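Colleague: Predicted model and sequence below, questions to follow.
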Amino acid sequence: MKPSYSRYELVSELTSDYDFLTQLYLPPEVIQYPHKGGCKHLTPEFVNSLCLGKDDTVAGLMKHIPYIRRTKEDDWNPWMVYESATAVDITGDLVLSLPTKYADEFLFEPEEGNISDIPPHQAPDEEAWRRCEIYTFYEFFSMAKEKFRKFEMTALNREHVHCTSPDTPQAQIYREEGVFTEQYNRERCMDRLDEYQEQKDRKIRQAREEEELPMPPP
């Protein structure tokens with residue numbers, strides 16, 4: 001069956017999502033946009049060598065999407081783009097952290113042109129995903145952006161994203177810095193978040209040290 005999805009639409013929505021994240025916390029320089037014609041070395045043969053089980057349609061898509069850099073320049077740190085989720089960088093000669101079963105799974109169905117969440121499963125079921133909520137590309141990435149706007153999902157620093165509530169100290173810092181307005185300064189906000197976490201960690205260490213102090217003699 002010929003795929004019904006629009007590669008242009010998916011690439012456009014994913015690019016828009018990454019650009020949105022750079023406005024919040026993600027350093028713009030870590031996004032690697034494909035060259036005209038796509039990333040040349042991401043051939044079907046190369047993708048097949050990664051043992052991901054992807055056909056030529058998906059391999060062709062992987063050639064044209066943007067990637068989040070993960071190199072020695074970044075101390076090999078994985079940048080999160082969703083709640084506890086990192087994007088795999090396969091644009092270089094060394095591929096780190098291929099997806100495993102220990103993660104939330106989303107199914108991209110090229111023949112149907114949609115994205116759906118896959119629940120934990122043990123027995124094989126080729127169409128289990130049909131029992132889950134299904135999103136168009138636009139709906140899925142709009143949902144992700146809205147979670148950030150509502151602070152249901154928050155970047156706690158430049159690299160880590162977790163599910164949160166709107167009343168966390170980190171959310172308050174974002175608001176004080178004018179997030180989603182022209183006054184927002186990403187780097188200044190990230191510095192404040194780092195400072196908050198350092199103070200929090202310092203208090204935790206001090207509390208532990210006090211607990212470990214020997215009791216005075218009677």
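Modeller: It's in.
Colleague: C-alpha from now on. contacts and neighbour counts both.
Modeller: Fine.
Colleague: and the residue most central in space within the chain, what element?
Modeller: Closest residue to the average C-alpha location of the chain: residue 81 at 1.8 Å, with Cα atoms, centre = their mean. Using DSSP states H and E, residue 81 sits within strand 80-82.
Colleague: So which elements touch that strand?
Modeller: If you count contacts as 3 or more Cα pairs under 8 Å, 6 or more residues apart in numbering; DSSP states H and E, strand 80-82 packs onto strand 161-163.
Colleague: to the chain's geometric centre, what's the distance from the strand it packs on?
Modeller: A distance of 10 Å separates the C-alpha centroid of strand 161-163 from that of its chain, computed with Cα atoms, centre = their mean, to the nearest Å.
Colleague: Show me what secondary structure element comes after it.
Modeller: Per DSSP H and E, the helix or strand that comes after strand 161-163 is helix 169-176.
Colleague: Quick check: residue 82 vs residue 66, distance?
Modeller: 15 Å (Cα to Cα, to the nearest Å).
Colleague: try residue 186
Modeller: According to Cα to Cα, residue 186 and residue 66 sit 21 Å apart.
Colleague: what about the strands in the protein?
Modeller: For the chain, applying DSSP state E gives strands covering 31-32, 67-68, 80-82, 85-86, 105-109, 114-118, 134-135, 153-155, 161-163.
Colleague: mean pLDDT lowest for which of these?
Modeller: Within the strands of the chain, the stretch with the lowest mean pLDDT is strand 105-109, showing a mean of 49.
Colleague: State which helix of this protein is the longest.
Modeller: Ranked by residue count and defined by DSSP state H, the top helix of the chain is helix 186-212.
Colleague: So which elements touch that helix?
Modeller: Secondary-structure packing of helix 186-212 (3+ Cα pairs under 8 Å, 6+ apart): helix 169-176.
Colleague: How about the helix it packs on, which residues are buried there?
Modeller: Buried residues in helix 169-176, counted by 16 or more other Cα atoms under 10 Å: 170, 171, 173, 174.
Colleague: just stretch 57-77 next, same as before
Modeller: 58-71.
Colleague: And for stretch 197-216?
Modeller: Quick answer for stretch 197-216: no buried residues (16+ other Cα under 10 Å).
Colleague: quick one on the thing from earlier: between the longest helix of the chain and helix 169-176, how many degrees?
Modeller: With axes from the mean of the first three to the mean of the last three Cα atoms, to 10 degrees as the basis, helix 186-212 and helix 169-176 are set at 150 degrees to each other.
Colleague: Just give me how far helix 186-212 sits from the chain centre.
Modeller: With Cα atoms, centre = their mean, you get 24 Å for helix 186-212.
Colleague: I'd like the average pLDDT over it.
Modeller: Mean predicted confidence for helix 186-212 is 91.
Colleague: what stretches of this structure score poorly on pLDDT?
Modeller: Applying pLDDT under 70 to the chain flags the ranges 1-4, 72-76, 92-132, 213-218.
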